[in-house]
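> Let's see this in three dimensions:
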Amino acid sequence: MILEQYCQKLQRSKTEVLRELIRNLDQHWEEVSDDVSSAGETKPETRISNHNFLNISARNTLRGKVKQVVLGDINAEVTVEIAPGVEIVAVITKSSVQRFAVSPQKEVCVVIKSSDVMIAVEL
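Numbers count the residues shown, from 1 in each chain. As a prediction, the model looks like this:
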């Protein structure tokens, strides 16, 4: 609902807004990674990317690590950190959390398709 309101305010489609978000996150991530490298530290493994390890029709995929899983009776809220201090929350079924063994620190891919946010894992 927040995304829809934001899109109406900007008079832009959800796809346009999400693509811009991903472009900005990619740029920010590269800047942060370069700063870390120039300081002599190792770059973090988590990387924002499109289709690095999945074949999927959705164009907007962000790789990250699960920070928190809140289980409900049917659904679960999965919070994923896709860049330092940048989090996305996906609501997925409880059975998907169990089937994919989604838990804190697990690397996942956040898939954004229009107004849906899903979780993908490597098998």
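> gap between Ser13 and Tyr6?
11 Å (Cβ to Cβ, to the nearest Å). Backbone N, C-alpha and C define where each C-beta goes, glycine included.
> Report all helices and strands that whatever helix or strand Cys7 lives in contacts.
Taking DSSP states H and E as the definition, Cys7 sits inside helix 2-10. The contact analysis (3 or more Cβ pairs under 8 Å, 6 or more residues apart in numbering; DSSP states H and E) places helix 2-10 against helix 14-38.
> Low-confidence regions, the chain specifically.
For the chain, the stretches with pLDDT under 70 are 1, 27-59, 115, 117, 123.
> which of the residues in the strand ranked longest in it are buried?
Using DSSP state E, we find that the single longest strand of the chain is strand 60-71. Buried positions in strand 60-71, judged by neighbour count with 16 or more other Cβ atoms under 10 Å: Asn60, Thr61, Leu62, Arg63, Gly64, Lys65, Val66, Val69.
> Take those residues and lay them out in CSV including distance to Thr79.
Formatted as CSV, the buried residues of strand 60-71 follow (distance: Cβ to Cβ, whole Å):
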residue, distance to Thr79
Asn60, 18
Thr61, 17
Leu62, 13
Arg63, 15
Gly64, 10
Lys65, 10
Val66, 7
Val69, 8
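> circling back: strands paired with the longest strand of the chain, and their directions?
strand 75-83 (antiparallel), strand 107-113 (antiparallel) (DSSP bridges).
> can the ones you listed go into TSV with extra columns for distance to Val91 and mean neighbour count?
Below are these laid out as TSV (distance: least, Cβ to Cβ, whole Å; neighbours: other Cβ atoms under 10 Å):
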stretch	distance to Val91	mean neighbour count
strand 75-83	5	20
strand 107-113	12	20
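> And the contacts of stretch 116-123?
53-54, 56, 61, 78, 80, 88-92, 96, 100-102, 106-112 (Cβ atoms under 8 Å, 6 or more residues apart in numbering).
> buried stuff in that stretch?
Result for stretch 116-123 [16+ other Cβ under 10 Å]: buried residues Val117, Met118, Ile119, Ala120, Val121.
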